[in-house]
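>>> build the 3D model from these lines:
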Amino acid sequence: MVFKSKIFVIALGGSIAFPDDSINVSFLKRFSLFIKREIKRGKKFIIVPGGGGITRRYQEAAKRITWVKDEDKDWLGIHATRLNAHFLRTIFKDYAEPVILDERGKVLSFDSHSIIIASGWRPGWSTDYVACQIALDFGIREVINLSEAGYVYTADIKKDPKARPIKKLFWDDYLKLIPSRWSPGLHTPVDPVAARLAKRQGLRVITVSSNLDNLKRLLRRESFRGTILANPRVVVGGTFEVIHRGHRRLLKKAFDLGDVFIGLTSDKMAKSLKKRKVKKFEARKKALEAFVKKEFNKEAEIVKIEDRVGSTIEEDFDYIVVSPETEKTALLINQKRRQLKKKPIKIVKIRFVLAEDGKPISDTRILKRQIDREGKIKG
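You can find the predicted model right below:
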């Protein structure tokens, strides 16, 4: 697991910190010391507590007195999270932004602080959802979810003794395991509203238990126990000097499969491959970003590569999308991964996109004015 940022969003399960019978002072003492130690290592945190036991007690009491709408149950939960948030701000008072992030946009930066504490925002939005939205607003691609179970399981562990922990699960598969609708008090590792937001925006949520040694390993990019919930990671590579219909097919296939990472050749590598002068890296990257946004209304992570394999040996990807021309590179990558006892990446090959003359479309042919970007013959 590789974090791209030193800022971490933690959805702190209410059942851990604020269980049914009391405030978990023992855990919160250890959690407070842990966070402060990590701050000294240069990290910053956005912490979003759940409602915990007090929420359920208020909701149950209200139902025993009168009929209660889901919206009112949600408001009880929201105010419970706000109380819990103020409690956390109090114990982190020397490190935390004094204003609680209790509505979107209320706190926009850390300023001189190392911690921001958030709470519930509005009915229909759980604190899971709030944590995911905050991550997006702050440009963070992962959310850590501290829960009692620690893992996502194949079934309810309280009901099925054969339930097995899952180490990695795609969002589409996760959404099949849980109810499709949010309701106040729903117990799932990540609720359906937050899960759909994370899937749509390409967020990863990592569920772990309250074991702080395990959390430390996660923050320090070491092996940890828990479940990674994410879209499939899809990698493609190329020079993308003149974006044409073949690139469109390649990228469409990649975006159909999951979150896309593009290895864009450096100037030195591009010149070596093409044996001619090639547009500068920054110009190619800017044009590629604009094309992806316009054509697919999405974003891809674009990184510079200096050789054919790029980061595909160090990082794990679920798919690599190639053309017949680049299939050999994918085979080489998997050969190297097997040598390191790493799982191979699934290769997805698309056919060449042909011009009107039956030959493959290429940027070289376009630059020579033989064809246009759609493959039509130029007179």
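
>>> Ile47 should be in a strand, yeah?
Yes. Under DSSP: H, G, I helix; E, B strand; the rest coil, Ile47 falls within a strand.

>>> and it, how far is that from Ser147?
Noted for Ile47: a distance of 14 Å to Ser147, by Cβ to Cβ, to the nearest Å. The C-beta positions use only the backbone N, C-alpha and C, and glycine is treated the same way.

>>> now swap in Ile54 and tell me
Distance of Ile54 to Ser147, computed by Cβ to Cβ: 18 Å.

>>> the more surrounded of the two?
More crowded of Ile54 and Ser147, by other Cβ atoms under 10 Å: Ser147, with 25 against 20.

>>> what number of residues lie near the closest residue to that one other than its chain neighbours?
Leaving aside its chain neighbours, Ser147 sits nearest to Gly13 (4.6 Å; criterion: Cβ to Cβ, 6 or more residues apart in numbering). Using other Cβ under 10 Å, Gly13 has 24 other residues around it.

>>> Gly13 reaches Ala149, doesn't it?
No. Using Cβ atoms under 8 Å, Gly13 makes no contact with Ala149, being 9.3 Å away.

>>> confirm for me that Thr348 is in contact with Asp256.
That one is not Thr; residue 348 is Val. No. Counting by Cβ under 8 Å, Val348 stays clear of Asp256, with 9.6 Å between them.

>>> in contact with the closest residue to Asn24 other than its chain neighbours: list those residues for me.
Excluding its sequence neighbours, the residue lying closest to Asn24 (Cβ to Cβ, 6+ apart) is Ala17, at 5.4 Å. Counting by Cβ atoms under 8 Å, 6 or more residues apart in numbering, Ala17 touches Ile23, Asn24, Phe27, Leu28, Phe31, Pro49, Gly50, Gly52, Asn84.

>>> ok, now Ala135?
Each residue near Ala135 by Cβ under 8 Å, 6+ apart is listed here: Val9, Ile46, Arg141, Glu142, Val143, Leu203.

>>> again with Asp259
Residues near Asp259 by Cβ under 8 Å, 6+ apart: Gly202, Ala230, Asn231, Pro232, Arg233, Val234, Glu301.

>>> so which of those is the most crowded?
Using other Cβ under 10 Å as the neighbour test, the contacts of Asp259 are led by Val234, with 25 neighbours.

>>> which residues of the protein score low on pLDDT?
Scanning the chain for pLDDT under 70 picks out 1-4, 21, 379.

>>> domains of it?
As assigned by automatic domain parsing, the chain contains the domains 7-230, 233-367.

>>> now do the same end-to-end measure for the last one.
Looking at domain 233-367, the gap from its leading to its trailing residue is 32 Å under the measure Cα to Cα, to the nearest Å.

>>> helix, strand or coil for Leu28?
Leu28 - assigned by three-state DSSP - is helix.

>>> next: Ile206.
Ile206 - assigned by three-state DSSP - is strand.

>>> please enumerate the strands of the stretch 101-250 of the chain.
Ranges of strands in the stretch 101-250 of the chain, per DSSP state E, counting those that start in this stretch, are 115-117, 142-146, 152-153, 165-166, 168-170, 204-208, 227-230, 233-238.

>>> who does the nearest residue to Glu356 once chain neighbours are set aside bridge with?
Nearest residue to Glu356, sequence neighbours excluded (Cβ to Cβ, 6+ apart): Ile377, at 4.9 Å. When bridges are taken as DSSP bridges, the partners of Ile377 come out as Ile371.

>>> tell me the contacts of Ile377?
Ala355, Glu356, Asp357, Gln370, Ile371.

>>> top of these by neighbour count?
In terms of neighbour count, Ala355 stands highest of these at 22 neighbours, by other Cβ under 10 Å.

>>> my guess is that one contacts Arg365. True?
Yes. With contact defined as Cβ under 8 Å, Ala355 reaches Arg365; the gap is 7.2 Å.

>>> shared neighbours of these two, anything?
Residues touching both Ala355 and Arg365 (Cβ under 8 Å, 6+ apart): Ile371.

>>> how close does Ala149 get to Glu289?
Counting by Cβ to Cβ - Ala149 and Glu289 are separated by 39 Å.

>>> those two - which one has more neighbours?
Shown here are Ala149 and Glu289; by other Cβ under 10 Å, Ala149 has more neighbours (20 against 14).

>>> ok, the more buried one - contacts?
For Ala149, the contact set (Cβ under 8 Å, 6+ apart) comprises Ile157, Pro189, Thr207, Ser209.

>>> go on, Ile100?
With Cβ under 8 Å, 6+ apart, Ile100 has these contacts: Arg82, Ala85, His86, Arg89, Lys106, Ile117, Ala118, Ser119.

>>> now do the phi/psi pair for His79.
Backbone torsions of His79, given as degrees, to the nearest 10, read phi -70, psi -30.

>>> number of residues surrounding it?
Residues lying near His79 (other Cβ under 10 Å) number 17.

>>> now stretch 181-190 - C-alpha only, PDB.
Backbone C-alpha positions of stretch 181-190 (Å, rounded to 0.1, in the frame of the first residue of the first chain) are rendered in PDB as follows:
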ATOM      1  CA  ARG A 181     -29.700   1.900   0.500                       C
ATOM      2  CA  TRP A 182     -28.400   3.900   3.500                       C
ATOM      3  CA  SER A 183     -30.500   3.900   6.600                       C
ATOM      4  CA  PRO A 184     -29.700   5.400  10.000                       C
ATOM      5  CA  GLY A 185     -27.800   2.900  12.200                       C
ATOM      6  CA  LEU A 186     -26.800   0.700   9.200                       C
ATOM      7  CA  HIS A 187     -23.800  -1.500  10.200                       C
ATOM      8  CA  THR A 188     -21.400  -2.100   7.300                       C
ATOM      9  CA  PRO A 189     -17.600  -1.500   7.000                       C
ATOM     10  CA  VAL A 190     -18.300   1.300   4.500                       C
END
